[in-house]
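Participant: Sequence and predicted structure below; questions after.
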Amino acid sequence: MQFKAMVLSNVELSPGYFRMRMTAPQELASSAPGQFLMLKVNDAIDPLLRRPFGLFDVGSFLPEYAGCGAQVYCEILYKVVGKGTKLLSALHHGDLVDLLAPLGKGFDLGPAGEEKVLVGGGVGLAPLYYLAKELKNRGEKVRLFAGGRNRDDILCITEFERLGVETYVATDDGTLGERGFVTQVLEPHLAPGTRIFACGPTPMLNAVAKMAQKSGVPCQVSMEAYMACGVGACLGCVMKGANHTEETPDYRCVCKDGPVFDSFELQWS
């Protein structure tokens, strides 16, 4: 769907990181964790392209927003890294943005009874919160492993804990949680009966995928990529599939075939 959304709140959580809540049509309530939206900041020519953002949360309207003319809200997490996100950070309650949503393929929640392990960092935690919410609604056991360069990259841990998610944190400089990479904290907890869901920087996903393969654990990864269209038309976000060779190319569109993939579907360096 393409629709106009009204900004309800736009809060800076940590230096450079924001959480935005917007109105949404009722149909968005059927979106799946791992799907994303394409957002156009304003009606100007510059910036021309929409920006992709994972759905952090989708929910029924809160009483404090009664009268806004919408029944559902959606939220995103984003980091200010360029012109588009800088303009986004300046929006306030009542401003309008243009959205395409929901897009892409979401997470397969897997069978009940498994231990669900979520791995992410920075804005990569966005789709994992929506996923954790759905898993806890099913009564699943969920653990979160969050990593970042420092404490400023660790977002919304309290929200995960309120859901009843057991959380582990690692930072490169040791300013929050254990010192080191999040994969170091994760490895001792991998065992048969575990299923991994990961989202974050490609090097982290690469490491998590290799650990999952070594441990024989199912693993889904939500990939990040630059996108122009979000619907598989521009082919600007392609990745190499596991069977890719120069003789027999195997490319996957992150926007249409993903952004969630089984880690065994992709070719990792």
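Facilitator: Received it, and whenever you're ready, just let me know what you need.
Participant: any idea where the helices of the stretch 51-200 of the chain begin and end?
Facilitator: Listed in chain order, the helices of the stretch 51-200 of the chain (DSSP state H, counting those that start in this stretch) span 83-89, 126-137, 157-162, 182-186.
Participant: and the chain, what are its domains?
Facilitator: Per the record, the chain has its domains at 2-103, 109-219, 225-269, by automatic domain parsing.
Participant: List the residues that contact residue 268.
Facilitator: Counting by C-beta atoms under 8 Å, 6 or more residues apart in numbering, residue 268 makes contact with 206, 209-210. Backbone N, C-alpha and C define where each C-beta goes, glycine included.
Participant: Now name the helix or strand holding it.
Facilitator: Residue 268 belongs to no helix or strand when assigned by DSSP states H and E.
Participant: What of residue 208?
Facilitator: Going by DSSP H and E, residue 208 is part of helix 202-215.
Participant: what's the average pLDDT for that helix?
Facilitator: Averaging pLDDT along helix 202-215 gives 92.
Participant: any low-confidence regions in the stretch 101-250 of the chain?
Facilitator: Across the stretch 101-250 of the chain, nothing is flagged by pLDDT under 70.
Participant: Which other helices and strands does the longest strand along the chain contact?
Facilitator: Identified as the longest strand of the chain according to DSSP state E is strand 2-14. Applying 3 or more C-beta pairs under 8 Å, 6 or more residues apart in numbering; DSSP states H and E, we find strand 2-14 packed against strand 17-24, strand 72-79, helix 83-89, strand 96-103.
Participant: partners of the last one in the sheet?
Facilitator: Right, strand 96-103. strand 2-14 (antiparallel), strand 36-40 (antiparallel) (DSSP bridges).
Participant: Deepest-packed of those strands, please.
Facilitator: Sort these by mean neighbour count, taking mean count of other C-beta atoms under 10 Å, and strand 36-40 sits at the top with a mean of 24.
Participant: and that one, how far from the chain's centre?
Facilitator: 12 Å (C-alpha atoms, centre = their mean, to the nearest Å).
Participant: same check, this time on stretch 47-57
Facilitator: Stretch 47-57 has its average C-alpha position 11 Å from the chain's average C-alpha position, going by C-alpha atoms, centre = their mean.
Participant: For the residue positioned nearest the centre of the chain, give its distance to residue 97.
Facilitator: For the chain, residue 127 is the residue whose C-alpha lies nearest the centre (C-alpha atoms, centre = their mean; 3.1 Å). Using C-beta to C-beta, to the nearest Å, residue 127 is found at 19 Å from residue 97.
Participant: follow-up on the earlier one: would you format the helices of the stretch 51-200 of the chain as CSV with distance to residue 35 included?
Facilitator: As requested, these are exported to CSV (distance: least, C-beta to C-beta, whole Å):
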stretch, distance to residue 35
helix 83-89, 19
helix 126-137, 8
helix 157-162, 19
helix 182-186, 24
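Participant: Can you give the contact residues for the helix or strand that the helix holding residue 208 is followed by?
Facilitator: For helix 202-215, the following helix or strand on the C-terminal side (DSSP H and E) is strand 219-222. With C-beta under 8 Å, 6+ apart as the test, strand 219-222 has contacts from 34, 54, 107-108, 124, 127, 195-199, 205, 208-209, 212-213, 258-264, 266.
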